[in-house]
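Participant: here is the input, now give the coordinates:
(one chain, ligands or ions: 1)
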Amino acid sequence: MTTFTALTTLQGRDAAYALGEAMERLEPEPTGVGVFEMEDGSGLWEVGAYFEAEPDDTSLAVLAAAMGAKPFVVSELPETDWVAHVRRELAPVEAGRFFVYGSHDADKVPADCEPLLIEAAMAFGTGHHGTTLGCLRALDRLANNGFVGEHVADIGCGTAVLAMGAARIWPQTVIASDIDEVAVDVARANVAANGLEGRVDCVEAAGFDHPTLAAAAPFDLVFANILKGPLVSLAPDMAKALQEDGYAILSGILNEQADEVIEVYARSGINLVHRESIVDWTTLTLQKNT
Ligand SMILES: C[S@@+](CC[C@H](N)C(=O)[O-])C[C@H]1O[C@@H](n2cnc3c(N)ncnc32)[C@H](O)[C@@H]1O
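Facilitator: Here you go, the predicted structure:
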């Protein structure tokens with residue numbers, strides 16, 4: 001299948017993320033959007049998207065002009081198995097006791113780790129992003145402190161990397177949910193590939209709105225790596241879904257947004273225990289103690 005890319009650069013992180021979000025709404029819909037800070041110290045950000053059909057030049061030109069970005073450069077890429085390509089490129093990630101790897105690195109799995117096999121696919125969560133890494137490290141930290149999760153949910157599971165991490169170290173079934181049906185399919189495939197069928201239950205849901213989640217609540221640990229806006233909206237439901245003394249591991253929060261999220265959750269009786277910043281992203285561990 002032919003793949004097209006549309007790439008531009010612009011100044012400023014907020015503008016770059018806003019452009020990335022706007023690109024997700026383009027027609028034809030991109031199969032992926034990336035936002036990266038350029039490493040040349042220029043303060044420029046690169047925003048790009050992949051498309052399976054040729055993107056519309058006029059829409060791109062209007063978008064670039066509206067967002068103050070340079071005109072998009074559209075390229076047609078030679079036929080390549082991109083998933084296979086990305087898989088080869090992805091190096092394994094170590095996060096506390098967890099070792100996240102693709103099948104091409106199966107021979108590198110250390111003996112004394114909790115392995116999580118994640119193939120690059122159309123879902124977020126290979127362990128490379130600071131938010132996933134922060135959540136895995138927060139999980140590792142809780143477990144090191146003697147916490148044992150018995151009722152665990154992963155809201156916005158993507159690949160189910162966090163749910164599978166919890167299922168690797170604790171005996172109870174974990175519920176993994178995502179608003180995106182493609183992510184739920186990827187999550188189920190990963191659960192099977194990791195031999196965790198029956199240990200991680202994957203459902204399609206927005207927030208806690210699913211009978212499986214309702215039946216399993218209250219939780220003693222909830223992961224939610226889903227960006228600041230949805231996290232803020234989720235705070236009252238999180239307060240209802242967590243049992244007293246239960247933990248929430250939240251990520252997808254830009255560093256400068258963290259204080260606001262902490263305040264919002266504190267108003268719902270869910271208070272800061274630990275915070276960690278990895279590059280631009282902050283992961284929070286909070287505990288309900290009303
Ligand atoms: C940043 S990814 C996190 C994936 C994985 N949990 C990780 O830590 O790598 C966020 C995921 O949350 C999902 N999502 C966003 N808003 C959501 C919501 N309100 N309820 C459930 N899932 C949501 C997205 O579809 C996406 O798969």
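Participant: return the helix or strand in the protein with minimum mean pLDDT.
Facilitator: Using mean pLDDT, DSSP states H and E, helix 82-89 stands out as the lowest-scoring helix or strand of the chain, at a mean of 58.
Participant: and the next helix or strand past that one?
Facilitator: Helices and strands here follow DSSP states H and E; after helix 82-89, the next one along the chain is strand 93-95.
Participant: after that next one, which helix or strand is next? Please name it.
Facilitator: Following strand 93-95 in sequence, per DSSP H and E, is strand 98-101.
Participant: off-centre distance for that next one?
Facilitator: 15 Å (Cα atoms, centre = their mean, to the nearest Å).
Participant: roughly how far is the longest strand along the chain from the heart of the chain?
Facilitator: Longest strand in the chain by number of residues, with DSSP state E as the criterion: strand 242-254. Centroid displacement of strand 242-254 relative to its chain, using Cα atoms, centre = their mean, is 15 Å.
Participant: measure how the helix or strand just after that strand sits relative to strand 242-254, angle-wise.
Facilitator: Going down the chain from strand 242-254, the next helix or strand is helix 258-267, by DSSP H and E. On the basis of axes from the mean of the first three to the mean of the last three Cα atoms, to 10 degrees, helix 258-267 is oriented at 160 degrees to strand 242-254.
Participant: next, the residue of the stretch 1-150 of the chain found nearest the ligand: secondary structure please.
Facilitator: Relative to the ligand, the nearest point of the stretch 1-150 of the chain is residue 125 (2.9 Å; Cβ to the nearest ligand atom). The way it works is simple: take the backbone N, C-alpha and C, and place the C-beta from them, glycine included. Judged by DSSP: H, G, I helix; E, B strand; the rest coil, the three-state class of residue 125 is coil.
Participant: how much space between it and residue 16?
Facilitator: Going from residue 125 to residue 16 by Cβ to Cβ, to the nearest Å gives 22 Å.
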